[in-house]
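Undergrad: Quick check, what structure comes out for this input:
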Amino acid sequence: MSESCRGYMPRSVEWGTLALIIACHGGWLAALWLLPGVSLGLTVLALGLMAALHSSLTHEALHGHPFRSRWLNEALMFFPLSLAIPYGRFRDTHLAHHEDEALTDPYDDPESNFQDPAVWARLPGWRKMLLRVNNTLLGRVVLGPLLGQLCFMAGDWQLMRKGQPGIVRDWALHGLGLAAVIWVVLQSPAPLWAAVAGAYLGLGLLKIRTFLEHRAHETARGRTVVIEDKGPLAFLFLNNNLHIVHHMHPGVPWHALPRLYQSRRAEFLAANDGYIYRNYLQIFRNYLLRAKDPVPHPLWQQGE
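TA: Here you go, the predicted model:
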């Protein structure tokens, strides 16, 4: 940690983050019990917002917040409100993603959406069409959660067959948490399908954040975006729209990222070679129905 960032690091328990985690779980429970009698559509929307916020808080937990204790942070996020990825697998793959030299690598970056051009050339036409649609913002929000989950599970299945340690354990723990979440839903007035739809909506909202946060670029830091948004989506994503700041200083908590960015804005924009958007409205206007990037990695030949 550089001296210039020490003032942004928490010195004890982050009570605000802990309160937000408690509020997120409370909001999820309130949506299950209080909203079905009003509107199931509103119930799904609220559950989706809480699932997206929970995923953002899970990201904070794996980076060491709100406690300095790893097991306390993991215990806080044990119940998977988004239903999908085991915490331990998200932790391990996301920390691997933080190896910035591998960002956007079709093989070594677990969160890359780029394909090896040689693999792309062999894909059947229907898969190419599906991946092209997935490279528009609307496609990523609608199809991305399903495609991402299927690819993630297929990859973990292959790793389990090869005997990679920890994966069976992480999925087993996820199964316990998922069973508890489903049990709670079944005790509530909300139908199970509403909880599933809400979780899918939450994952779709997260795809807005991840849609263009990394690009193909010759330099590692030039691959990571800044979106200078200060609206509801920035809060829902816990300021991770200031993504170059997070990648350069992953231990800085979410609430300190805007201050750090503003204090060194020119430095961050120089580091990422001016990869910047004003807000999410600009991104929706530009890419809702249009792909920002090709599916095959445009610089892969140079990177091999």
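Undergrad: Please, where are all the helices along the stretch 51-200 of the chain?
TA: Remark: helices assigned in the stretch 51-200 of the chain by DSSP state H, counting those that start in this stretch are 70-76, 87-97, 117-122, 125-134, 137-161, 167-187, 192-210.
Undergrad: now the angle between helix 167-187 and the longest one, please.
TA: Compare the direction of helix 137-161 with that of helix 167-187 by axes from the mean of the first three to the mean of the last three C-alpha atoms, to 10 degrees and you get 130 degrees.
Undergrad: Residues contacting helix 137-161 from elsewhere in the structure, which ones?
TA: Contacts made with helix 137-161 from outside it, assessed by C-beta atoms under 8 Å, 6 or more residues apart in numbering, are listed as 84-85, 89, 130, 133-134, 167-168, 171, 200, 203-205, 207-208, 210-211, 283-284, 287-289. To be clear about C-beta, it is placed using only N, CA and C from the backbone, and glycine gets the same treatment.
Undergrad: Mean neighbour count, the helices of the stretch 51-200 of the chain: which tops it?
TA: Of all those, helix 192-210 carries the top mean neighbour count, a mean of 21, counting by mean count of other C-beta atoms under 10 Å.
Undergrad: Now do the very next helix or strand once past that one: distance to the chain's middle.
TA: Tracing the chain past helix 192-210, the next element assigned as helix or strand by DSSP states H and E is strand 226-227. The chain centroid and the centroid of strand 226-227 are separated by 15 Å, computed with C-alpha atoms, centre = their mean, to the nearest Å.
Undergrad: Same question for stretch 155-169.
TA: 22 Å.
Undergrad: pull the CA atoms of that stretch into CSV?
TA: The C-alpha trace of stretch 155-169 is given here as CSV (Å, rounded to 0.1, in the frame of the first residue of the first chain):
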residue,chain,number,x,y,z
GLY,A,155,-15.6,-24.6,-16.2
ASP,A,156,-15.9,-25.7,-12.5
TRP,A,157,-17.1,-29.2,-13.6
GLN,A,158,-13.9,-29.6,-15.7
LEU,A,159,-11.7,-28.4,-12.8
MET,A,160,-13.4,-30.8,-10.4
ARG,A,161,-12.8,-33.7,-12.8
LYS,A,162,-9.1,-32.7,-12.8
GLY,A,163,-9.1,-32.8,-9.1
GLN,A,164,-8.5,-29.1,-8.3
PRO,A,165,-8.9,-28.7,-4.5
GLY,A,166,-11.5,-26.5,-2.9
ILE,A,167,-14.2,-26.5,-5.6
VAL,A,168,-16.3,-29.3,-4.2
ARG,A,169,-16.1,-27.7,-0.8
